[in-house]
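Need coordinates for the below:
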Amino acid sequence: MMLPPRFIAVLDIGKTNVKLVGHDLDIGQDFFVRSKPNIVLRDGLYPHFDIEKIWEFLLTSLGELRWEQPIEAISITTHGASAALIDEAVLVLPVLDYEHPGPDELAAEYDRLRPPFEESFSPRLPGGLNLGAQLYWQQQRFPAEFARATAILTYPQYWAWRLTGVASNEATSLGCHTDLWQPAKGQPSSLAISQGWVDKLAPLHLAFDALGPVKPEIAALIGLAGPVPVYCGIHDSNASLLPHLLAAEAPFSVVSTGTWAVLFAVGGKVAGLDPARDTLVNVDAFGRPVPSARYMGGREFDLMTDGKPVTPDQATVSAVLEGAMAFPAFAPGTGPFPTAVGRWTQDDLSPMARTAVASLYAALMTEVCLELLGADGPTVIEGPFARNALYREALAAATGRPVQASESATGTSAGAAQLVRRKEKAAPIPTPPFQYDLSGFQRYRKLWRAGLPQ
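As a prediction, the model looks like this:
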């Protein structure tokens, strides 16, 4: 009897970094991590991702991983708001950086075409954050190249195609604020139909589907010993959600952190979501709608700490709780306060104090998002914020509910690996002991909320 795959290679493409992770499904831990910055190139037709550098990194890292441990399967997870336009062999247009403002040039035209929120559950977002806006802009600005495309692939599935030659799409990426999907019906939106894009959308597969083995010539280049299946892949925040869907019962929430903080309220209701405050519906790996919210938590934290956070000591936290605050938003155009301009109440803070303020700010913003979703039950933090003790403890104090921290070095890797083998049991997620005395936090929280934009 053949044993199920255990050692999974996960390609994890985030907006900030690209990672290749080796994950052991038997013990639920990452054992290998390679990482590089996700570079945006400014040459050519428009700002775009450096696809060939990512490909080179992927092949090199897979080669390094297989020396450490034979690879039994490959899974893929990426950020949303990206798609690849391909013909039979290559990209026909570069993969657009979704922060490029180019699509806003046609915003008025696009707004007349996009489906209502009640159909797509996608809020209107700037730049290319609505994938439909990207495609419309590319179609209008580069009609010859767009017409050459024989298939539109969501981003995880582009990399699966590069590895296997099998073109596909998948619902978690089609359902993440794209304007292209109807989450309640599990089918393309009226926009995708009216623009003729449905005919170019590659066939839909489940995230759990093995599309095929790595192409022989690529397997030989990497040094794979035998056929290695490649799984269809999943949107990164949904990858973080998947292990909890398999292991826990609703209600609970998952906060997947990286460049974005994406919040899922499992067991919540989609009624009453406010597109003006960046609440929306995502689609989970099983194709089910999940009420969600977002803000650019990691990006804001980096901006607020100049990318050099210093873990605060108790004295600094106590001093900050006397009144040093930051108010939204430091990444304008997104989150629950999209039109607000970020501001500090003090300018002369030390790096340690700035980190403390940024951590409290992120916790309070997370609480606002959870409230908008009517979230209940424990909150699980995935990704970098899971290692920020002040953030975790302030969020627990703000919500009055347990906050658990995922120990995975890469919050998305465990979920992407579980596409290969749906484990019905997972190790308990710890609720870490408190490190800080947060006396005065409730007063601080009350003042912060009183100062929010109306």
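
Could you give the separation of the helix or strand of the chain with the lowest mean pLDDT from the chain centroid?
Each helix and strand of the chain was given a mean pLDDT (mean pLDDT, DSSP states H and E); the minimum falls on helix 236-247 at a mean of 89. Distance of helix 236-247 from the chain centroid (C-alpha atoms, centre = their mean, to the nearest Å) equals 11 Å.

go on, stretch 350-364?
From the chain centre to the centre of stretch 350-364 is a distance of 23 Å (C-alpha atoms, centre = their mean).

Kindly report the same for stretch 173-186.
The mean C-alpha position of stretch 173-186 is separated from the chain mean by 15 Å, C-alpha atoms, centre = their mean.

swap in stretch 291-307?
Worked out by C-alpha atoms, centre = their mean, stretch 291-307 lies 12 Å from the chain centre.

Low-confidence stretches in the protein?
Across the chain, the stretches falling below the confidence threshold (pLDDT under 70) are 1-2, 407-411, 423-430.

Let me see the domain layout of it.
Here the domain parsing of the chain from automatic domain parsing is 7-232, 248-450.

Turn the ones you listed into TSV, including mean neighbour count.
C-beta: built from backbone N, CA, C; applies to glycine. Shown next, in TSV, are the domains of the chain (neighbours: other C-beta atoms under 10 Å):
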stretch	mean neighbour count
domain 7-232	19
domain 248-450	20
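
which one of those domains lies closest to L241?
Closest approach to L241 among these is made by domain 248-450 (5.0 Å; C-beta to C-beta).

thinking again about what came up before, any residues touching the helix or strand that the least confident helix or strand of the chain is followed by, and which ones?
Per DSSP states H and E, the first helix or strand lying C-terminal to helix 236-247 is strand 252-257. By C-beta atoms under 8 Å, 6 or more residues apart in numbering, the residues outside strand 252-257 that reach it are 236-237, 240-241, 244, 261-267, 297-298, 366, 370, 373, 375-386, 411-412.

got the contact list for A207?
Contacts of A207 by C-beta under 8 Å, 6+ apart are 170-172, 231-234, 238, 285, 419.

Try it again at 6 Å.
By C-beta atoms under 6 Å, 6 or more residues apart in numbering, A207 lies in contact with 170, 232, 234, 285, 419.

Just the ones of those residues in strands?
I234 (DSSP state E).

Output the contacts of A207 in a markdown table, with distance to R162 appended to each entry.
Shown next, in a markdown table, are the contacts of A207 (distance: C-beta to C-beta, whole Å):
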| residue | distance to R162 |
| --- | --- |
| E170 | 15 |
| C232 | 13 |
| I234 | 17 |
| A285 | 22 |
| L419 | 18 |
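
Would you check that T154 makes contact with A167?
No. With contact defined as C-beta atoms under 6 Å, T154 does not count as touching A167 (10.7 Å).

you'd agree R299 is up against A331?
Yes. Counting by C-beta under 6 Å, R299 touches A331, with 5.0 Å between them.

Can you report phi and psi for the residue nearest to Q346 when sequence neighbours are not counted?
Nearest residue to Q346 in three dimensions, chain neighbours excluded: A324, at 4.9 Å (C-beta to C-beta, 6 or more residues apart in numbering). Per-residue torsions, A324: phi -70, psi 120 (degrees, to the nearest 10).

Between the two ends of stretch 177-196, how far is it?
End-to-end span of stretch 177-196 (C-alpha to C-alpha, to the nearest Å): 19 Å.

Spit out the contact partners of L25.
So L25 contacts 6, 417, 421 (C-beta under 6 Å, 6+ apart).

can you check S168 too?
Applying C-beta under 6 Å, 6+ apart, the residues contacting S168 are 157, 202-203, 205, 211, 232.

go with 8 Å
Neighbour list for S168: 153, 157, 160-161, 202-205, 209, 211, 232 [criterion: C-beta under 8 Å, 6+ apart].

hey, where'd the strands end up in the stretch 251-400 of the chain?
252-257, 261-266, 279-283, 289-295, 326-327, 343-344, 379-382 (DSSP state E, counting those that start in this stretch).

Redo the ones you listed as TSV? Include distance to A89.
Below are the strands of the stretch 251-400 of the chain laid out as TSV (distance: least, C-beta to C-beta, whole Å):
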stretch	distance to A89
strand 252-257	34
strand 261-266	34
strand 279-283	30
strand 289-295	35
strand 326-327	49
strand 343-344	51
strand 379-382	37
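
Correct me if wrong: the residue nearest to Q346 contacts L349.
Yes. Using C-beta atoms under 8 Å, A324 is in contact with L349, at 6.1 Å.

Now for these two: what residues contact both?
In contact with both A324 and L349: V357, using C-beta under 8 Å, 6+ apart.

P115 versus the closest residue to A210 other than its chain neighbours, what's the distance?
Using C-beta to C-beta, 6+ apart and skipping residues adjacent in sequence, the residue nearest A210 is P229, 4.2 Å away. Remark: distance between P229 and P115 (C-beta to C-beta, to the nearest Å) = 36 Å.

List the residues that contact G258.
G258 neighbours (C-beta under 8 Å, 6+ apart): 14-16, 236, 298, 383-384, 411-412.
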